[in-house]
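Trainee: Okay, here's the prediction I keep looking at, along with the sequence it came from:
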Amino acid sequence: MASCYERGIPGCFALIIIGVWMVFAAQPVLSAESESAQSMVEKADAIRLPKENYQVDVNITSTSPGKDPEERKYRVMSKGSENTIVMVMEPASEHGQAMLMKGRDLWMFLPSISQPVRLSLAQRLTGQVANGDLARANFAVDYTAKVLKTESINGDLYQVLELNAVDRTVAYHRVIYWVRDTDSRPYKAEFYSLSDRLMKICRYENFQKLGGQIRPSKLIMEDALKSGDQSVLTYSNILIKELPDKMFTKDYLKKLEF
């Protein structure tokens, strides 16, 4: 092959231009795929819960073989993706407890203790439900997405997305997420630990009008390691409402009206 010296400066310059063009020409395709996957996650987030400030009641029933079902009720108030309050409404023995999420920081307020207790988003709340499942349910903010494959389910085409955590503070290390190709409606999610072990599977069901939009009103979370253990989350009474910033402070937790 002729050297640049043999080709002359114009010839070398042409080769450099061609090489640079080839590098940049390949980038938009990858970028478009990444943007498309992230856009689907954002749309699925907006289907699951409102983008606006909202309040929602969540009933969680957890079952395990050989044990009586355990039922708990929560009220969630959320402002954007960074501010959430989770109030424990039932059981009566825990009524008055509340969690506050600011960014990825989470605290639990107990009426019997003067100072809030620091918690992890990955810590179990009840049954198969982690604190982060209620307090921070925005996948688009906490994960980067890419398309793994497409899959046909019951005649519908779904994009199977891989979501990788942006850091170790989020509830799950990795999520495999099925969203419908036509409208980004969520169908199923698999949640993996830091060791890449499948922990649980979530199905999004019973779509109905909530908060002015068709959303899944029922989430079924199943333990991937222990057969028969599951939690059913039922969402109701979504209200779009103004929530002042002052609510989302540790001092305000003591003033919440249950």
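Mentor: Nice, I can see it.
Trainee: ok, Leu210 to Leu225 distance?
Mentor: 31 Å (CB to CB, to the nearest Å). All C-beta spots, glycine's among them, are computed from the backbone N, C-alpha and C.
Trainee: more neighbours, those two?
Mentor: Neighbours were counted for Leu210 and for Leu225 using other CB atoms under 10 Å; Leu210 has more, 20 against 10.
Trainee: Check the contact between that one and Leu239; I expect there is one.
Mentor: No. Contact criterion CB atoms under 8 Å: Leu210 and Leu239 do not qualify, at 9.9 Å.
Trainee: So what pairs up with the nearest residue to Thr234 once chain neighbours are set aside in the strands?
Mentor: Closest residue to Thr234 apart from its sequence neighbours, by CB to CB, 6 or more residues apart in numbering: Asn59 at 4.5 Å. Using DSSP bridges, the bridge partners assigned to Asn59 are Lys73, Thr234.
Trainee: again, but for Thr126
Mentor: Thr126 has these beta-bridge partners by DSSP bridges: Val129.
Trainee: Let me see the contact set for the closest residue to Gly103 other than its chain neighbours.
Mentor: The shortest distance from Gly103 to any non-neighbouring residue, by CB to CB, 6+ apart, is to Glu82 (5.2 Å). By CB atoms under 8 Å, 6 or more residues apart in numbering, Glu82 lies in contact with 101-103.
Trainee: Glu82 and Thr249: what is the separation?
Mentor: 13 Å.
Trainee: Which strands border the lengthiest strand in the chain, and is each parallel or antiparallel?
Mentor: Taking DSSP state E as the criterion, the chain has its longest strand at strand 198-210. Sheet pairing here is set by DSSP bridges, and for strand 198-210 it gives strand 186-192 (antiparallel), strand 213-223 (antiparallel).
Trainee: I'd like a version of the ones you listed in TSV, one that adds mean pLDDT and mean neighbour count as further columns.
Mentor: Putting the strands paired with strand 198-210 into TSV (pLDDT from 0 to 100; neighbours: other CB atoms under 10 Å) gives the following:
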stretch	mean pLDDT	mean neighbour count
strand 186-192	98	21
strand 213-223	97	18
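Trainee: ok, which stretches of the chain are helices?
Mentor: Per DSSP state H, the chain carries helices over the ranges 4-7, 9-48, 131-135, 139-142.
Trainee: just to revisit the earlier point, list the buried residues in the longest strand of the chain.
Mentor: 199-204, 210 (16 or more other CB atoms under 10 Å).
Trainee: Can you tell me which of the residues you listed lies closest to Asp167?
Mentor: Nearest to Asp167 among these: Met199, at 18.3 Å, using CB to CB.
Trainee: which residues sit in contact with Tyr235?
Mentor: Applying CB under 8 Å, 6+ apart to Tyr235 gives the contacts 56-58, 210, 215-219.
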